[in-house]
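> here are the coordinates; sequence isn't available:
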């Protein structure tokens, strides 16, 4: 649980997402992903707990992960 007015700041592929999270369990919304994530398969996520003024309190080590974008190819008749 976050204390007081602390929040979580998320960076995806080195770009800070504009929305702070106020819960330890969070999602990255599809519009955030589309605006920030690179076309690479390998991505990096980093989170920082910040105080109410945006000052960093705890910085987690970055985590790398892979995303495979699946698509359906439709046959044209």
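On my side now, so go ahead. Remember, it's a predicted structure, so these values are computed and weren't measured experimentally.

> quick check, distance from the lowest-mean-pLDDT helix or strand in the chain to the centre of its chain.
The weakest-scoring helix or strand in the chain, judged by mean pLDDT, DSSP states H and E, is helix 30-36 (a mean of 86). Distance, stretch centre to chain centre, for helix 30-36: 9 Å (Cα atoms, centre = their mean, to the nearest Å).

> can you pull the buried residues of that helix?
Residues of helix 30-36 classed as buried under the neighbour-count rule (16 or more other Cβ atoms under 10 Å) are 32, 36. Every C-beta, even on glycine, is put in place using the N, C-alpha and C of the backbone.

> For the helix or strand following that helix, name the packing helices and strands.
Using DSSP states H and E, the helix or strand that follows helix 30-36 towards the C-terminus is strand 42-50. On a contact count with 3 or more Cβ pairs under 8 Å, 6 or more residues apart in numbering; DSSP states H and E, strand 42-50 meets strand 7-12, strand 56-59, strand 63-66.

> Now do the last one, average pLDDT.
Spelled out, it's strand 63-66. Throughout strand 63-66, pLDDT has a mean value of 94.

> What is it packed up against?
Packing partners of strand 63-66 (3+ Cβ pairs under 8 Å, 6+ apart): strand 42-50.

> any idea of the angle the strand it packs on forms with strand 7-12?
Comparing the axes of strand 42-50 and strand 7-12 via axes from the mean of the first three to the mean of the last three Cα atoms, to 10 degrees yields an angle of 160 degrees.

> Walk me through which strands strand 42-50 pairs with, and which way each runs.
Sheet pairing for strand 42-50, assigned by DSSP bridges, gives strand 7-12 (antiparallel), strand 56-59 (antiparallel), strand 63-66 (antiparallel).
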